[in-house]
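Visitor: this is a predicted model, with the sequence first.
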Amino acid sequence: MRIYFDNAATTAIDREVIDEMLPFMESHFGNPSAIHYYGRETRAAIERARKTVAKYLNCTPGEIFFTSGGTEANNMAIRCAVKAYHLKHIITSPIEHHCVLHTTQALEKEGIVQLHFVKVDEKGRFDLNHLNELLQKISERCLVTLMHANNEIGTKMDINTVGEICKKHNAVFHSDSVQTVAHFPFDLKNIPVHFISGAAHKFHGPKGTGFLYINHAIKISPMIFGGAQERNMRAGTENVYGIIGLAKALEIGYENLETTKQHIKGIKNYMIDSLQKNFPDVIFNGDLENSLYTVLNVSFPMNNKSQMVLFNLDMAGICASSGSACSSGSNENSHVLTAIKADTNRVAVRFSFSKYNTKEEVDVVVAKLNELVRVPEVVSN
């Protein structure tokens, strides 16, 4: 038996999503750019998918552009906005996903922009007064890119409030919302944001498919050239079955949002209570009061047992992580935990949940942690 508590890295594909995709792998194989029947068939399916995404995010279909995933979507928003509006300044934070941090750092290294970092506190919350001060000091229009919810510690930003601050200063606002799409209701006609990104595999869809929302008020040029796909915004033959799967997964996510949320929230709260009962010295990284309900970042005191906890959990059939799966091959400490000044003498583990998890699985994991983390007390004579 394996227990999968790494859903912030990727989720299992729903059976309904696979069933929706299969015809486009087997018989509906036409190139959407072809003008014959097979091409028109797949083109129509893509546009239906676009309408589905727009419906659940409350925007227009023309504001949705399909990509290969969240990383491409975030790169496209940042690079294309900087180029289109000749922006010289980017405001971001030290806890962004690496696809945002590395992109903005590359632009600074190329001499195109100057980077400014919003302060974060020990729970990973953005200092909005500092954001306002930075925007006041920068006299020209700039790009603000701040994530909606952190993928490692779960701390959630008030996207409406940040959007209003950006609007007041005429800043272009991009939010990496990969962890929140299909887990959080978006009303994009009323949220003052110019770009948000999504990735299907974070909400039980296929890997390698995502989207970028581009507000109709923003006009940018493509990042990838070579064809007229995605209304001249993203060249390359579309991942048809991936797009079909994304739309179906999004539909399932939003149609069952409250039920799923309450189920997962119950599991997360049950694990918090269980850990507190079993480990009096446990610490939870991030803001538990304003957090993504799918993510729980836990830290234990460093000892000769706990420093191998992830490896030993895996050997016991339990999948968890130390943070972003994109950085799993790195020997560096988590940049998120470093930024919030987490205690370096502790070992952090990220548990992330989905609708398929159960409280019984939590019981198994907590029992195993008792074996793997706790150092037996020495009884003196």
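Guide: Perfect, thanks for sending it. Bear in mind the structure is a predicted one, so any value in this text is a computation, not a measurement.

Visitor: excluding its backbone neighbours, what's nearest residue 68?
Guide: residue 208 (5.7 Å; C-beta to C-beta, 6 or more residues apart in numbering). The way it works is simple: take the backbone N, C-alpha and C, and place the C-beta from them, glycine included.

Visitor: name the SS class of residue 134, please.
Guide: helix (DSSP: H, G, I helix; E, B strand; the rest coil).

Visitor: so it makes contact with residue 116?
Guide: Yes: between residue 134 and residue 116 there is a contact at 5.2 Å, judged by C-beta atoms under 8 Å.

Visitor: pull out the buried positions in stretch 203-222.
Guide: Neighbour-count burial for stretch 203-222 flags 203-215, 218, 220, 222 (criterion: 16 or more other C-beta atoms under 10 Å).

Visitor: what do you get for stretch 83-102?
Guide: Of the residues in stretch 83-102, those buried (16+ other C-beta under 10 Å) are 85, 87, 89-93, 95-101.

Visitor: determine which two of these are furthest apart.
Guide: 85 and 95 (25.3 Å; C-beta to C-beta).

Visitor: what sits against residue 352?
Guide: Contacts for residue 352 (C-beta atoms under 8 Å, 6 or more residues apart in numbering) come out as 5, 6, 7, 8, 9, 294, 295, 296, 321.

Visitor: among those residues, which pair sits farthest apart?
Guide: Farthest pair in these, by C-beta to C-beta: 9 and 296, 13.9 Å.

Visitor: more neighbours, those two?
Guide: Higher neighbour count among residue 9 and residue 296: residue 296, with 27 against 19, using other C-beta atoms under 10 Å.

Visitor: the helix or strand where that one lies pairs with which strands?
Guide: In this structure, residue 296 sits in strand 295-301 according to DSSP states H and E. Partners of strand 295-301 in the sheet, by DSSP bridges, are strand 283-285 (antiparallel), strand 346-352 (antiparallel).

Visitor: dump the longest one to CSV, restricted to CA.
Guide: This means strand 346-352. Extracted C-alpha coordinates of strand 346-352, given in CSV (Å, rounded to 0.1, in the frame of the first residue of the first chain):
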residue,chain,number,x,y,z
ARG,A,346,14.7,21.6,12.1
VAL,A,347,13.6,19.3,9.2
ALA,A,348,10.7,20.4,7.1
VAL,A,349,8.3,18.0,5.3
ARG,A,350,5.5,19.1,3.0
PHE,A,351,2.3,17.0,3.0
SER,A,352,-0.2,18.0,0.4
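
Visitor: could you point out the helix or strand that follows it?
Guide: helix 359-372.

Visitor: wait, is residue 25 part of a helix?
Guide: Yes: checked against three-state DSSP, residue 25 lies within a helix.

Visitor: any stretches of this structure with poor pLDDT?
Guide: By pLDDT under 70, the low-scoring segments of the chain are 323-332, 375-381.

Visitor: cutoff 90 now
Guide: 1, 139, 302-307, 322-333, 373-381 (pLDDT under 90).

Visitor: just the helices in this protein please.
Guide: Here the chain has its helices, by DSSP state H, at 15-21, 23-26, 37-57, 70-85, 98-109, 128-137, 159-168, 229-232, 240-255, 257-278, 309-315, 335-339, 359-372.

Visitor: any chance of these in a markdown table, plus distance to residue 345?
Guide: Formatted as a markdown table, the helices of the chain follow (distance: least, C-beta to C-beta, whole Å):
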| stretch | distance to residue 345 |
| --- | --- |
| helix 15-21 | 43 |
| helix 23-26 | 50 |
| helix 37-57 | 43 |
| helix 70-85 | 33 |
| helix 98-109 | 25 |
| helix 128-137 | 28 |
| helix 159-168 | 33 |
| helix 229-232 | 49 |
| helix 240-255 | 39 |
| helix 257-278 | 19 |
| helix 309-315 | 14 |
| helix 335-339 | 12 |
| helix 359-372 | 18 |
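
Visitor: so of those helices, which one's packed in deepest?
Guide: When you average the neighbours per residue for each of the helices of the chain (mean count of other C-beta atoms under 10 Å), helix 240-255 leads with a mean of 24.

Visitor: show me what it is packed against.
Guide: helix 15-21, helix 23-26, helix 37-57 (3 or more C-beta pairs under 8 Å, 6 or more residues apart in numbering; DSSP states H and E).
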